[in-house]
Structure formats: C-alpha cells, structure tokens
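S.K.: let's see this in three dimensions:
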Amino acid sequence: MERPKNGAHVLHGQSFVSVTQLDTDGIASLFAIADKMKAMVKRDGSCDLLKGRILANIFYEPSTRTMCSFAAAMLRLGGQVIPVNESSSSAQKGETLSDTIRCLECYADVLVLRHPIKGSAAEAAAAASKPVINAGDGTGEHPTQALLDLYTMQSELGRLEGLTITCLGDLKNGRTVHSLVQLCARYGMRVHLVSPASLRLPADVLRAAAKGANGWSLYEEHQSLDGPLRQSDVLYVTRVQKERFASADEYDAVKDAFIVSAETMQQAPANMIVLHPLPRVNEIAVEVDDDPRAVYFRQMENGMYVRMALLAALLDGDVFARLG
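M.R.: Numbering: from 1, shown residues only. Here you go, the predicted structure:
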C-alpha cells in the first residue's frame, strides 16, 4: 500500500480527539487500512500486528457498541484490553481525570475514553504521554463513530462526494451528528437537519463545519421529514437522549417526535440507506430491520474495522508497509 502524502500515518503516536485532525487524504488512507482489516478478519479472524500492546478502555458512561468494538478491535489485532468503568475506578474516591489518565498510561499503550463532560477528551490528551482516543465526550464529539458512519456510506453507496444526507432526531445533544456534519461538509454533501425546534443542531457545530470546508453552507433545517426524505441518499437517525434532559416532562414532549416506520420507508428513495449509531429506543420501528436499506447493523460491524485501522495507525508507524 503506497503511503499517502497526508495519510493516517500522521496520527502515529498522537491522540485522536476530533475529526478535525484528519483531512480527506487521511480519511481515505484510514479507510484503505480498514478494508485490509475487514479482509483479514474474514480470512483469518485475527493477526498479531499489535501483539504485546495493551489498550485501557476507560468508560465513565454506559456503552455497549463503542466499548466492545474497541475491545474486539484490539483483540483481533493481537493486543490485550484493560476494562475500566467509573463505578470501579478511583473517580469514586475523588481522583481527577488527569490523575486517572496518568496512572493508567503506566499500564497501557493507548487509552480510550468515554466521559460525560464535553472537552474531557482534550483534557485527558493534554495530561497523557500515550495516545488517547475520544470515544465520546458529553455533547461534544464522537469522532470514531463519525468515521465508521462515513466508511459505511462509502461501502454501501460507493462514493462520498455530493451525497445528500438527512440527520433526524436529537441534533442538539447527539455528539455523533456533531462530528459527522463536519465530515460531511468536507465532501460537499448536502445536509438536511430535521429535529424539533428545541433540539436543533448547535450553531457552533455549523460554524466549525463551514470553517473546516472553506465556507460550506449546503445545509437546511426542517421540522418535518416529508420533503428531505425524498431527496436523501442517507437517512441518519438519532435517539432523543433522555439522559441529557433536565426533566422527564421535557423529554416526554419530544421523545416521539419522529418515528421511522415501514410506511416512512415507502416514501423513501429505493437506493437510500438508513444509518443509526444505536442504541435505539423507538425512533426506528423493528419492522424496518427487514428493509434492505436498513444497514445499521452492518454499520456497527464496520466500526470494528475502522477502529482496528485507527489503533494500527496510532501504534504502528509501519502499518502501511506491514499490510502491503
């Protein structure tokens, strides 16, 4: 594999806390590695690329997919995993995040952090001498989720440039959308933002997307799915995040604002795909799972390959030569 001029190798030894750290060349090279990882897993199950390396999985919020995906990625690469959660960590004794990170990096080669406070990943990276990966920081970013979302779009649709994507649901609190919109802007995608008025995408996210893509402004905000749906290549559905609301009444007022059903899909383009970062509550009816356009479970599988690629890029400076 020829090493791209601005490829993912620029991350070697670095922390990864924001999608702004990779340009489109870097993303392309990371996805090329992910393709290699996918083929290797299908063929051999695992390899020893990161044999002897240890990942610390530090999760201060509940997680199934992200936590297990990173663990599986490291294990498939021949490494090992130390699991850490808030209930069993010294955070219960009042230890600061910085001290936790500085202690755990004594035992691990890379640290994956999920934290409820926006900006915590950057704080951890500043305290660490080993790579820190942002696995979601409050309502901030979730950069690896955005990468696997983008990888799934490319895998399913064969391209990224010029797509039209509709993001639906809780766009205010959905950190996955906050990262994804910035990446969509880089590829000149048209983005429809559909949400209740109280859950609109924050203005600072739109400003960051425009700044990172030379003034990009191909977005429209809506409170109805009807029009955008018919124009979409991708429908990206998000959960209304109950844990981010101040009261149950506020949550109840918007929790069922949008539900994608079989009837909804009858109005959608035949070649559109449906993505969801999961978990879902009831925003996508289970009946939609049988629709061939519903690819959210393949999306989750893709997350392992993308995270394998990222771990390899961070920890092995010769990953391009090794993969051939």
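S.K.: ok, the residue nearest to Tyr251 when sequence neighbours are not counted - how many residues close by?
M.R.: The shortest distance from Tyr251 to any non-neighbouring residue, by CB to CB, 6 or more residues apart in numbering, is to Phe245 (4.2 Å). Glycine gets a C-beta too; all of them are placed from N, C-alpha and C. Residues contacting Phe245 under the criterion other CB atoms under 10 Å number 18.
S.K.: what pLDDT does the residue nearest the centre of the chain get?
M.R.: Closest to where the C-alpha atoms of the chain average out (CA atoms, centre = their mean) is Gln145, at 0.8 Å. Looking at Gln145, its pLDDT is 97.
S.K.: quick one: contacts for it?
M.R.: 66, 136, 175-176, 179-180, 277, 303 (CB atoms under 8 Å, 6 or more residues apart in numbering).
S.K.: how about the one helix or strand it maps to as CSV, C-alpha atoms only?
M.R.: Here Gln145 sits within helix 143-157, counting by DSSP states H and E. Extracted as CSV, the C-alpha positions of helix 143-157 are listed here (Å, rounded to 0.1, in the frame of the first residue of the first chain):
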residue,chain,number,x,y,z
PRO,A,143,-15.0,11.1,16.1
THR,A,144,-14.6,7.4,15.7
GLN,A,145,-18.4,7.0,15.3
ALA,A,146,-18.4,9.6,12.6
LEU,A,147,-15.6,7.8,10.8
LEU,A,148,-17.4,4.5,10.8
ASP,A,149,-20.5,6.2,9.6
LEU,A,150,-18.6,7.7,6.7
TYR,A,151,-17.0,4.4,5.9
THR,A,152,-20.4,2.7,5.8
MET,A,153,-21.7,5.3,3.4
GLN,A,154,-18.7,4.7,1.1
SER,A,155,-19.0,0.9,1.4
GLU,A,156,-22.8,0.9,0.7
LEU,A,157,-23.0,3.7,-1.9
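S.K.: tell me how far Pro277 lies from Leu104.
M.R.: As judged by CB to CB, to the nearest Å, Pro277 and Leu104 stand 26 Å apart.
S.K.: among the two, which residue is more densely surrounded?
M.R.: More neighbours surround Pro277 than the other of Pro277 and Leu104, with 26 against 21 (other CB under 10 Å).
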